[in-house]
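Chemist: sequence and predicted structure below; questions after.
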Amino acid sequence: MKRICVVGTGYVGLVSGTGLADFGNHVVCVDIDKDKIERLKIGEIPIYEPGLKEVIDRNVQAERLRFSTNIDKAIQESEVIISAVGTPPGEGGEADLQSVWAVATVFAKNLKDYKVFVNKSTVPVGTGRKVYELIRELAGHNASFDVVSNPEFLREGSAVRDFLHPDRVVIGSTNPKATEIMKDVYKVLYLRKTPYIETNIETAELIKYASNAFLATKITFINEIANLCDKVGADVHVVAEAMGQDGRISPKFLHPGPGYGGSCFPKDTMALVEIFKEAGIRSRVVESVVEANEHQKAMVVDRLKELLPDLKGKVIAILGLSFKPNTNDTRFSPSKVVISSLMKEGARVQCYDPVAINDFKREFPDLDYKKNAYDACKGADAVILMTEWNEFRGLDLGEIKKLLKTPIFLDTRNVYDPKEMRERGFTYGSIGRTFIR
Ligand code: UDX
């Protein structure tokens, strides 16, 4: 078991650090955000992630997990330094790597004995090599270190389970010594026969982008099929179910909706487009996926206008602000596009989300935030269900109908049954099942 320093306590860093401690390693999670570290030290979890607090508490108690702002000391004490800092999209869609260079610099400064620098953040192909060169330049030719790419595939909302039970572990390295150290870090998974992919750094870096772009493509494809279903009177769920029976396709990630959002798919698809361009070729597929996803998000309001043509002065209830359920993350949430567009049309928005209101307020401070779904629907001319939180799956529909001024219900996650909704007297719209009788 290893002494590990994880730099960055965002979703990936915090969950990875905690998971690695749970595997028996000694982990110190560091961040420059003092407030965040103070909160973590007193047991407060800065993100909403089911099950995370329990695993953090148990590893802190076992003295395998600590939090600190002293990055120099944390690096000096550790053999493996994992960079899990943010790589947000820059001006042109390419990943902004400022934080990665900063971690590499502080790593180089504290390099006395052999250490492994592990890149867990999603970074463009070639970054690992550049990190290696930077550290070599700063730490000198006698410095003893390796750089490894170890991409993370966890999903928000199920991050703890995904980290503790991954489908595969990818290790990109040029030195067998570093690969062996990484195998030790993940020893528990190795013993459980989790598939290991050992490869070079560039391949590991590309695996992450290729996986995310493929999943984003799959979602975008079924969204387009759903849009077609609405035009021709077909049911997208039956189409997706039948497609999924083909083992080559698989039924996962074939659920239509208002477009993908979140911290990964939007930024990684945009970054992959740039990576292709830098390599002197184009990805027509990924470029189209980015464009089609933007269109899908914008289309929600067009769909509403089919049910309620003039939105000026109308009150619209929005249920769900996070990009998916079980997270407070609102990055690239389709709700942002929908709400902005409703406001442009002159509509007034009443919205509710079980956990993401505070995050949403940072960008939309002046919206009318309500304390539950029913308050949001009160007096509204229509309701749009944007995120499939469990509490929106079991709404008292009789009550919702009474509260709405007109019973218009646009269900962008296809939570409800179109036939039943119509029988209940709703004017009901969905994605890919609108004309199902
Ligand atoms: C994703 C990848 O799944 C994960 O492996 C990677 O490490 C990070 O990016 P995440 O963004 O947390 O994880 O959530 P995910 O469950 O993949 O959903 C992403 C988006 O796609 C959400 O907006 C979700 O609503 C949407 N989605 C997903 C669909 O619209 N349909 C689907 O069938 C699946």
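Modeler: Cool, got the structure.
Chemist: quick check: residues of the stretch 201-350 of the chain near the ligand?
Modeler: Counting by CB under 6 Å from any ligand atom, the stretch 201-350 of the chain comes close to the ligand at 212, 215, 219, 253-255, 257, 260-262, 264-265, 323-324. For glycine as for every other residue, the C-beta is placed from the backbone atoms N, C-alpha and C.
Chemist: out of those, which is most surrounded?
Modeler: Using other CB atoms under 10 Å as the neighbour criterion, F323 leads those with 27 neighbours.
Chemist: not counting its neighbours along the chain, what's nearest it?
Modeler: G261 (3.4 Å; CB to CB, 6 or more residues apart in numbering).
Chemist: any low-confidence regions in the chain?
Modeler: 435-437 (pLDDT under 70).
Chemist: just to revisit the earlier point, doesn't K324 make contact with the residue nearest to F323?
Modeler: Yes. Contact criterion CB atoms under 8 Å: G261 and K324 qualify, at 7.4 Å.
Chemist: rewinding a little: distance to V15 for the residues of the stretch 201-350 of the chain next to the ligand - can I get that in a markdown table?
Modeler: Converted to a markdown table, those look like this (distance: CB to CB, whole Å):
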| residue | distance to V15 |
| --- | --- |
| N212 | 17 |
| L215 | 19 |
| I219 | 23 |
| F253 | 21 |
| L254 | 26 |
| H255 | 24 |
| G257 | 24 |
| Y260 | 20 |
| G261 | 19 |
| G262 | 15 |
| C264 | 13 |
| F265 | 18 |
| F323 | 17 |
| K324 | 16 |
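Chemist: how about CSV for these, with secondary structure added?
Modeler: Output for those, formatted as CSV (DSSP: H, G, I helix; E, B strand; the rest coil):
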residue, secondary structure
N212, helix
L215, helix
I219, helix
F253, coil
L254, coil
H255, coil
G257, coil
Y260, coil
G261, coil
G262, coil
C264, coil
F265, helix
F323, coil
K324, coil
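Chemist: and which of these is nearest to S340?
Modeler: G261 (13.6 Å; CB to CB).
Chemist: what sits against the closest one?
Modeler: Neighbouring residues of G261 by CB atoms under 8 Å, 6 or more residues apart in numbering: K297, F323, K324, R331, F332, S333, P334.
Chemist: go with 7 Å
Modeler: Counting by CB atoms under 7 Å, 6 or more residues apart in numbering, G261 touches F323, R331, F332, S333, P334.
Chemist: and the third one, how many residues sit next to it?
Modeler: Burial of F332, expressed as a neighbour count using other CB under 10 Å, amounts to 21.
Chemist: pretty sure it is in contact with F323, am I right?
Modeler: Yes. Using CB atoms under 7 Å, F332 is in contact with F323, at 6.2 Å.
Chemist: joint contacts of the two?
Modeler: Listed as contacting both F332 and F323 by CB under 7 Å, 6+ apart are G261, G262.
Chemist: distance of the residue nearest to F323 relative to K297?
Modeler: G261 sits 8 Å away from K297 when distances are taken as CB to CB, to the nearest Å.
Chemist: what's the local residue count around Y11?
Modeler: Y11: 23 neighbours (other CB under 10 Å).
Chemist: OK, contacts around the closest residue to S322 other than its chain neighbours?
Modeler: Counting by CB to CB, 6+ apart, S322 lies nearest to A356, which is 3.9 Å off, once chain neighbours are set aside. Taking CB under 7 Å, 6+ apart as the criterion, A356 is in contact with L321, S322, N328, T330.
Chemist: what backbone torsions are found at A356?
Modeler: Main-chain dihedrals, A356, degrees, to the nearest 10: phi -100, psi 10.
Chemist: now stretch 359-368: buried residues?
Modeler: Using 16 or more other CB atoms under 10 Å as the test for burial, stretch 359-368 gives D359, F360, F364, L367.
Chemist: swap that for stretch 372-379, please
Modeler: Neighbour counts using 16+ other CB under 10 Å place A373, Y374, A376, C377, K378 of stretch 372-379 among the buried residues.
Chemist: report all helices and strands that the helix or strand that contains the third one contacts.
Modeler: Assigned by DSSP states H and E, A376 belongs to helix 373-377. Using 3 or more CB pairs under 7 Å, 6 or more residues apart in numbering; DSSP states H and E as the contact criterion, the elements in contact with helix 373-377 are strand 315-319, strand 348-352, helix 397-403.
Chemist: any idea which helix or strand comes after the first one?
Modeler: On the C-terminal side of strand 315-319, the closest following helix or strand by DSSP H and E is helix 334-344.
Chemist: list the buried ones in that following helix?
Modeler: Neighbour-count burial for helix 334-344, counted by 16+ other CB under 10 Å, picks out P334, S335, K336, V337, V338, I339, S341, L342, M343.
Chemist: name the nearest of the residues you listed relative to Q98.
Modeler: Proximity of the buried residues of helix 334-344 to Q98 (CB to CB) peaks at K336, which lies at 24.3 Å.
Chemist: show me what contacts that closest one?
Modeler: Neighbouring residues of K336 by CB under 7 Å, 6+ apart: T330, E363.
Chemist: so the residue with the largest distance to the centre of the chain: helix, strand or coil?
Modeler: In the chain, the residue that sits farthest from the middle, by CA atoms, centre = their mean, is N142; the gap is 39.6 Å. Of the three states, N142 takes coil according to three-state DSSP.
Chemist: distance of it relative to D22?
Modeler: N142 is 36 Å from D22, by CB to CB.
Chemist: and what of I47?
Modeler: Distance from I47 to D22, by CB to CB: 17 Å.
Chemist: name the residues of the helix or strand C229 falls within that are buried.
Modeler: Assessed by DSSP H and E, C229 sits inside helix 201-232. Buried residues in helix 201-232, defined by neighbour count with 16+ other CB under 10 Å: 201, 204-209, 211-213, 215-227, 229-230.
Chemist: distance between it and the chain's centre?
Modeler: 14 Å (CA atoms, centre = their mean, to the nearest Å).
Chemist: following it, which helix or strand shows up next?
Modeler: Later in the chain than helix 201-232, the nearest helix or strand by DSSP H and E is helix 236-244.
Chemist: can you name every helix or strand that that following helix contacts?
Modeler: Judged by 3+ CB pairs under 7 Å, 6+ apart, helix 236-244 is in contact with helix 201-232.
Chemist: circling back: if we take the buried residues of stretch 372-379, which one ends up nearest to the ligand?
Modeler: Distance to the ligand, by CB to the nearest ligand atom, is smallest for A373 among these, at 18.6 Å.
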